[in-house]
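Peer 1: All I have is the shape, not the residue letters:
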């Protein structure tokens, strides 16, 4: 795949937390009531991204079991939810995707994950910088993993 194919798929999820931040700032009155739904949406999208990555990757049995253990640990310890860790994992999953269809599907799911993440950041101090950092973290991990492979 060429750079012109990968670059848009890489940039779209990277700007999603920033777009979510501005959406959250534009709709401040709905943020308090919607925060639990944003968190639920993040959990569902995390599972969906992990499922697509593990199903389409044609991995061996041990990789799938390790991936399922990571998803299970995420669900059990979700009180310690760290969106920066999730964005880094999504960057790695993006670069390890095996074909164009999976790259674009993961890109779309990570974009959808970034919107509620940015909206939650809109309620926090220094939320704009956190949104920019989450997007950059996805981009850096996706580029670095792709470069190393």
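Peer 2: Now that the structure is in, tell me what you want to look at. On a predicted model such as this, the values are computed, not experimentally measured, just so you know.

Peer 1: Report how many residues lie close to residue 36.
Peer 2: Burial measure for residue 36: 9 neighbouring residues, criterion other Cβ atoms under 10 Å. C-betas here are computed from N, CA, C, even on glycine.

Peer 1: Centre of the chain to the helix or strand where residue 89 lies, how far?
Peer 2: Under the criterion of DSSP states H and E, residue 89 resides in helix 83-96. Distance of helix 83-96 from the chain centroid (Cα atoms, centre = their mean, to the nearest Å) equals 6 Å.

Peer 1: do the same with stretch 15-32
Peer 2: 16 Å.

Peer 1: what does stretch 132-145 give?
Peer 2: The answer for stretch 132-145 is 10 Å, by Cα atoms, centre = their mean.

Peer 1: Can you tell me what sits against that stretch?
Peer 2: With contact meaning Cβ atoms under 8 Å, 6 or more residues apart in numbering, stretch 132-145 is reached by 10-11, 13-18, 83-84, 87-92, 94-96, 110, 114, 117-118, 121.

Peer 1: who are the neighbours in contact with residue 71?
Peer 2: Here residue 71 is in contact with 46, 47, 50 (Cβ under 8 Å, 6+ apart).

Peer 1: buried residues in the longest helix belonging to the chain?
Peer 2: Of all segments of type helix in the chain, defined using DSSP state H, the longest is helix 28-56. Buried residues in helix 28-56, counting neighbours by 16 or more other Cβ atoms under 10 Å, are found at 31, 34, 38, 41, 42, 45, 46, 49, 50, 52, 53, 54.

Peer 1: what's the closest of those residues to residue 61?
Peer 2: Of all the buried residues of helix 28-56, residue 54 has the smallest distance to residue 61: 11.0 Å, by Cβ to Cβ.

Peer 1: shouldn't the closest one be in contact with residue 67?
Peer 2: Yes: using Cβ atoms under 8 Å, residue 54 makes contact with residue 67 at a distance of 4.7 Å.
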